[in-house]
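Participant: quick one: sequence plus predicted model below, questions after.
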Amino acid sequence: MSDDLLNLRNRHLPTENQELQQQLETLVAQARLNEQVMRRFQDAELRMLGVSSFKELLQYVLQEMKETFDLDVVTLAVIDPEYEVRRMLIDIGIPANEYPGLMCLDNPSRFHRLCGTSLAPVLGQYNVASRAPFFPRDTPPASIAILPMVRQKKLIGSLNLGSRNEARFAPGMATDFIGRLAAILGVCLENVTNSERLKHLGLTDPLTGVHNRRYFDQRLQEEVSRAQRQRFPLSCLFLDIDHFKQVNDQYGHQTGDCVLREVAWRIKGQLRSIDVLGRYGGEEFAVLLVQTDMASALTIAERIRHSIAEQRFKGEGDETLAATLSIGVATLHDCNRTQNAETLAQQLVARADQGLYRAKQGGRNCVMVVMPESDKASSVEVR
């Protein structure tokens, strides 16, 4: 090699070294960034796999995930043709408006129109016509990713991500990480749904199909605590079928079971989805009326009493028979946050039970309320 060429190469070596150094630094920075991204996704997967309830999963996906991945919108769409998920939310005490990012869809037709039969992830610009069902209309994102969740070759819903950055999700971008995240979420959603289903079976009275005492006691504590936090009234009804032993003795236990089932469903028919009905034991039922003051509770109790007394019951055979209810009512007003929630719950139930006792003593087929201040009972009575 000539001296001129050698000198020329030597002059270029610092520049080449600098360029190589810059390339190496860029690769190292990218590798570190990829490692951070991978760790973030792994942490998210572990977090979802570690949840133990449907509510905890919703809390993470719809609230915490936005911060974790710097997103502006996260929603979860669930295929729910049999209303199972919506009933589950009611059963576990989650109001419909608590998680506006959760959407329960009756059928998967919207997904198939958007994703095709392959159900591949959809990335790109937000489009009102086709993508609005998956995102809030009042604050639509600029770019979105709709990630179908499939379990056992069946579409169960989608994880939907949105950003105000138009370049965040673009067609053709790699979807390995977010696709895997949606797959893990599908597994977790199936697991918590099955878990809640088993819990529901353990908290349901097999004869009447309404909740049992264990479930009622759990919800009682929750609703008293919520009433304390939000300072709204909470009312409790105790209901007992009058002379039920005579029904069993005269018509048989099968007819008695028919009456119990029908009474349970007539009571339920007078309640809202946020109210709590439980079979407390034998022929006795208990109801929690959420955000309900005493005047409204008395109106509902009288409506329930009337629905039982004014329509005869059909037995196991061709016989028809009449039945009535005695009902005790109690209400918590302006709950003090410093008071013990368990003590307040016990006092509420005790007053409702006392009202029921006085209704029985007062001739049955009537409603009596026990006031917390004076412990005196008043009655609303229809013979």
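Facilitator: Cool, got the structure.
Participant: strands along the chain, start to end?
Facilitator: Taking DSSP state E as the test, the strands found in the chain are 73-79, 102-105, 122-125, 143-151, 154-163, 211-212, 234-241, 276-281, 284-290, 313-314, 320-321, 325-332, 366-370, 377-381.
Participant: any chance of these in a markdown table, plus mean neighbour count?
Facilitator: From N, CA and C alone the C-beta is placed, and that goes for glycine too. As requested, these are exported to a markdown table (neighbours: other Cβ atoms under 10 Å):
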| stretch | mean neighbour count |
| --- | --- |
| strand 73-79 | 21 |
| strand 102-105 | 18 |
| strand 122-125 | 18 |
| strand 143-151 | 22 |
| strand 154-163 | 22 |
| strand 211-212 | 20 |
| strand 234-241 | 26 |
| strand 276-281 | 22 |
| strand 284-290 | 24 |
| strand 313-314 | 16 |
| strand 320-321 | 12 |
| strand 325-332 | 26 |
| strand 366-370 | 25 |
| strand 377-381 | 16 |
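Participant: and stretch 56-69, how far from the chain's centre?
Facilitator: Its chain's C-alpha centre and that of stretch 56-69 lie 15 Å apart, by Cα atoms, centre = their mean, to the nearest Å.
Participant: just stretch 187-194 next, same as before
Facilitator: For stretch 187-194, the distance to the chain centre is 13 Å (Cα atoms, centre = their mean).
Participant: and the contacts of that stretch?
Facilitator: Around stretch 187-194, the neighbours that count as contacts under Cβ atoms under 8 Å, 6 or more residues apart in numbering are 48-49, 51-54, 56-57, 78, 84-85, 88, 149, 151, 156-157.
Participant: so where's the stretch 151-300 of the chain uncertain?
Facilitator: Applying pLDDT under 70 to the stretch 151-300 of the chain flags no residue at all.
Participant: could you work out the end-to-end span of stretch 166-184 for me?
Facilitator: End-to-end span of stretch 166-184 (Cα to Cα, to the nearest Å): 26 Å.
Participant: sorry, back to before: out of the contacts of stretch 187-194, who's nearest residue 326?
Facilitator: residue 88 (32.8 Å; Cβ to Cβ).
Participant: ok, for that closest one, nearest residue in space, not its chain neighbours?
Facilitator: Closest residue in space to residue 88, ignoring its immediate chain neighbours: residue 196 at 5.4 Å, by Cβ to Cβ, 6 or more residues apart in numbering.
Participant: now the two most distant members of the contacts of stretch 187-194.
Facilitator: 49 and 84 (22.5 Å).
Participant: more crowded one of the two?
Facilitator: Taking neighbours as other Cβ atoms under 10 Å, residue 49 and residue 84 compare with residue 84 leading, 15 against 12.
Participant: quick one: the more buried one from residue 78, how far?
Facilitator: Separation of residue 84 from residue 78 (Cβ to Cβ, to the nearest Å) stands at 10 Å.
Participant: same deal with residue 51?
Facilitator: For residue 51 relative to residue 78 (Cβ to Cβ), the value is 16 Å.
Participant: want to throw the strands of the chain into JSON lines with distance to residue 270?
Facilitator: Supplementary listing: the strands of the chain in JSON lines, determined by distance: least, Cβ to Cβ, whole Å:
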{"stretch": "strand 73-79", "distance to residue 270": "29"}
{"stretch": "strand 102-105", "distance to residue 270": "25"}
{"stretch": "strand 122-125", "distance to residue 270": "45"}
{"stretch": "strand 143-151", "distance to residue 270": "38"}
{"stretch": "strand 154-163", "distance to residue 270": "33"}
{"stretch": "strand 211-212", "distance to residue 270": "16"}
{"stretch": "strand 234-241", "distance to residue 270": "10"}
{"stretch": "strand 276-281", "distance to residue 270": "10"}
{"stretch": "strand 284-290", "distance to residue 270": "9"}
{"stretch": "strand 313-314", "distance to residue 270": "16"}
{"stretch": "strand 320-321", "distance to residue 270": "21"}
{"stretch": "strand 325-332", "distance to residue 270": "11"}
{"stretch": "strand 366-370", "distance to residue 270": "13"}
{"stretch": "strand 377-381", "distance to residue 270": "15"}
